[in-house]
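Got a predicted structure here, sequence first:
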Amino acid sequence: DDGDDDDGDTTTTNNNNAEEPAKKKSKKKKKKSSDETKSTSMTRERRLPGGLLISDMILGTGPPVKPGKRISLHYTGSLRSNGHVFDKNNSKQHPLVFRQGTGEVIRGLERGLEGMKVGGERVVTVPSKLGYGKKGSGLDI
(Lines give C-alpha, C1' and ligand atoms only; values in the text may rest on other atoms or scores of the structure.)
Protein backbone atom coordinates (compact mmCIF):
# COMPACT_ATOMS: atom_id res chain seq x y z
CA ASP A 1 0.00 0.00 0.00
CA ASP A 2 1.41 3.38 -0.96
CA GLY A 3 -0.62 5.25 1.66
CA ASP A 4 -2.77 6.87 -1.01
CA ASP A 5 -6.48 7.08 -0.19
CA ASP A 6 -7.38 6.55 -3.83
CA ASP A 7 -9.49 3.54 -4.76
CA GLY A 8 -6.56 2.19 -6.76
CA ASP A 9 -7.85 3.01 -10.24
CA THR A 10 -5.19 2.95 -12.88
CA THR A 11 -5.27 4.46 -16.32
CA THR A 12 -3.60 2.74 -19.21
CA THR A 13 -3.17 4.27 -22.64
CA ASN A 14 -2.87 1.64 -25.32
CA ASN A 15 -1.74 1.84 -28.89
CA ASN A 16 -2.83 -1.40 -30.50
CA ASN A 17 -0.27 -1.87 -33.24
CA ALA A 18 -0.82 -5.34 -34.54
CA GLU A 19 -2.83 -8.46 -34.18
CA GLU A 20 -1.67 -11.91 -35.21
CA PRO A 21 -1.18 -11.87 -38.97
CA ALA A 22 -4.18 -13.29 -40.78
CA LYS A 23 -2.09 -15.50 -43.05
CA LYS A 24 -0.80 -12.66 -45.16
CA LYS A 25 1.75 -13.83 -47.69
CA SER A 26 4.56 -11.70 -49.07
CA LYS A 27 2.85 -8.41 -48.33
CA LYS A 28 5.17 -5.79 -46.95
CA LYS A 29 3.85 -3.08 -44.74
CA LYS A 30 4.01 0.30 -46.37
CA LYS A 31 4.70 3.22 -44.13
CA LYS A 32 1.71 5.49 -44.48
CA SER A 33 1.09 8.77 -42.82
CA SER A 34 -1.13 8.47 -39.75
CA ASP A 35 -3.85 10.38 -41.63
CA GLU A 36 -4.12 7.56 -44.17
CA THR A 37 -4.32 4.72 -41.64
CA LYS A 38 -6.27 6.14 -38.71
CA SER A 39 -9.41 8.06 -38.05
CA THR A 40 -8.64 10.74 -35.48
CA SER A 41 -11.97 11.11 -33.75
CA MET A 42 -12.17 10.76 -30.00
CA THR A 43 -15.18 8.94 -28.58
CA ARG A 44 -16.86 9.80 -25.33
CA GLU A 45 -15.92 7.78 -22.30
CA ARG A 46 -17.89 4.55 -21.87
CA ARG A 47 -18.37 2.67 -18.60
CA LEU A 48 -18.33 -1.10 -18.87
CA PRO A 49 -19.53 -3.61 -16.25
CA GLY A 50 -17.21 -3.79 -13.28
CA GLY A 51 -16.36 -0.07 -13.41
CA LEU A 52 -14.01 -0.22 -16.37
CA LEU A 53 -13.88 3.07 -18.35
CA ILE A 54 -12.74 3.24 -21.97
CA SER A 55 -12.29 6.12 -24.36
CA ASP A 56 -10.96 5.77 -27.89
CA MET A 57 -8.52 8.54 -28.75
CA ILE A 58 -7.83 7.20 -32.25
CA LEU A 59 -10.13 4.74 -33.96
CA GLY A 60 -8.17 2.03 -35.74
CA THR A 61 -9.11 0.75 -39.17
CA GLY A 62 -7.85 -2.82 -38.87
CA PRO A 63 -9.56 -5.93 -37.54
CA PRO A 64 -10.96 -5.83 -33.98
CA VAL A 65 -9.31 -7.54 -31.01
CA LYS A 66 -10.77 -11.00 -30.46
CA PRO A 67 -10.16 -13.69 -27.82
CA GLY A 68 -7.28 -16.01 -28.69
CA LYS A 69 -5.59 -13.55 -31.04
CA ARG A 70 -2.08 -12.30 -30.37
CA ILE A 71 -1.90 -8.60 -29.56
CA SER A 72 1.05 -6.25 -29.71
CA LEU A 73 0.78 -2.85 -28.04
CA HIS A 74 2.50 0.08 -26.45
CA TYR A 75 1.10 1.37 -23.16
CA THR A 76 1.56 3.73 -20.26
CA GLY A 77 0.17 2.72 -16.86
CA SER A 78 -0.46 5.59 -14.45
CA LEU A 79 -2.40 6.20 -11.27
CA ARG A 80 -5.61 8.08 -11.81
CA SER A 81 -5.30 10.00 -8.53
CA ASN A 82 -2.00 11.71 -9.22
CA GLY A 83 -0.85 10.70 -12.71
CA HIS A 84 2.20 8.81 -11.36
CA VAL A 85 3.48 6.52 -14.14
CA PHE A 86 4.12 3.05 -12.66
CA ASP A 87 4.71 1.12 -15.88
CA LYS A 88 5.42 2.03 -19.47
CA ASN A 89 6.25 0.34 -22.74
CA ASN A 90 6.79 2.54 -25.74
CA SER A 91 9.67 0.65 -27.33
CA LYS A 92 9.11 0.31 -31.08
CA GLN A 93 11.30 -2.82 -31.13
CA HIS A 94 9.74 -4.53 -28.07
CA PRO A 95 6.01 -3.88 -27.63
CA LEU A 96 3.99 -5.83 -25.07
CA VAL A 97 2.81 -9.01 -26.80
CA PHE A 98 0.19 -11.36 -25.38
CA ARG A 99 -2.69 -13.57 -26.42
CA GLN A 100 -6.08 -11.95 -25.70
CA GLY A 101 -8.27 -13.75 -23.17
CA THR A 102 -5.60 -15.99 -21.65
CA GLY A 103 -4.92 -14.12 -18.41
CA GLU A 104 -1.39 -13.05 -19.32
CA VAL A 105 -2.17 -9.45 -18.33
CA ILE A 106 -4.53 -7.89 -15.77
CA ARG A 107 -8.22 -8.56 -16.41
CA GLY A 108 -9.02 -4.87 -16.80
CA LEU A 109 -6.57 -4.49 -19.66
CA GLU A 110 -7.91 -7.54 -21.48
CA ARG A 111 -11.51 -6.41 -21.09
CA GLY A 112 -10.62 -2.83 -22.00
CA LEU A 113 -9.08 -3.91 -25.30
CA GLU A 114 -12.01 -6.02 -26.47
CA GLY A 115 -13.34 -4.70 -29.76
CA MET A 116 -10.53 -2.20 -30.21
CA LYS A 117 -9.33 -2.12 -33.82
CA VAL A 118 -5.74 -2.48 -34.96
CA GLY A 119 -4.10 0.92 -35.31
CA GLY A 120 -6.26 2.52 -32.63
CA GLU A 121 -5.38 4.25 -29.40
CA ARG A 122 -7.54 3.87 -26.31
CA VAL A 123 -7.47 5.08 -22.71
CA VAL A 124 -8.57 2.34 -20.33
CA THR A 125 -9.26 3.22 -16.68
CA VAL A 126 -9.05 0.05 -14.63
CA PRO A 127 -10.57 -0.19 -11.14
CA SER A 128 -8.34 -1.95 -8.62
CA LYS A 129 -10.53 -5.08 -8.53
CA LEU A 130 -9.80 -5.62 -12.25
CA GLY A 131 -6.14 -4.65 -11.84
CA TYR A 132 -3.81 -5.56 -9.02
CA GLY A 133 -6.44 -5.59 -6.26
CA LYS A 134 -6.03 -4.38 -2.70
CA LYS A 135 -2.54 -5.85 -2.31
CA GLY A 136 -1.24 -3.82 -5.25
CA SER A 137 1.99 -4.56 -7.05
CA GLY A 138 5.34 -3.39 -5.77
CA LEU A 139 5.65 -0.04 -4.03
CA ASP A 140 3.96 2.09 -6.69
CA ILE A 141 0.51 0.51 -6.97
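Right, received. Where do you want to start?

For burial, what's the neighbour tally of Pro95?
Burial of Pro95 is recorded as 17 neighbouring residues (other Cβ atoms under 10 Å). To be clear about C-beta, it is placed using only N, CA and C from the backbone, and glycine gets the same treatment.

what's the answer for Gly101, then?
Counted with other Cβ under 10 Å, the neighbours of Gly101 add up to 16.

Gly68 too?
By the criterion of other Cβ under 10 Å, Gly68 has 9 neighbours.

contacting residues around it?
For Gly68, the contacting residues are Arg99, Gln100, Gly101, Thr102, by Cβ atoms under 8 Å, 6 or more residues apart in numbering.

ok, for the last one, nearest residue in space, not its chain neighbours?
The reference is to Thr102. Gly68 (7.8 Å; Cβ to Cβ, 6 or more residues apart in numbering).

remind me, longest helix of the protein?
In the chain, with assignment by DSSP state H, the single longest helix is helix 107-113.

Packing partners of it?
Under the contact definition 3 or more Cβ pairs under 8 Å, 6 or more residues apart in numbering; DSSP states H and E, helix 107-113 sits against strand 10-19, strand 70-79, strand 121-126.

With Thr43 as the reference, measure out to Leu96.
Using Cβ to Cβ, to the nearest Å, one gets 23 Å for the distance from Leu96 to Thr43.

Who has more neighbours out of these two?
Taking other Cβ under 10 Å, Leu96 and Thr43 do not tie; Leu96 has more neighbours (17 against 12).

Distance-wise, check the more buried one relative to Pro49.
Leu96 sits 24 Å away from Pro49, taking Cβ to Cβ as the criterion.

got it, and Gly68?
When distances are taken as Cβ to Cβ, Gly68 and Pro49 turn out to be 21 Å apart.

Then Phe98?
Taken as Cβ to Cβ, the span from Phe98 to Pro49 is 22 Å.

So for these two, which sits in the more crowded spot?
Neighbours per residue, other Cβ under 10 Å: of Phe98 and Pro49, the larger number sits with Phe98, 16 against 6.

number of nearby residues for the closest residue to Glu114 other than its chain neighbours?
Spatial nearest neighbour of Glu114, chain neighbours left out: Val65 (5.9 Å); criterion: Cβ to Cβ, 6+ apart. Residues contacting Val65 under the criterion other Cβ under 10 Å number 24.
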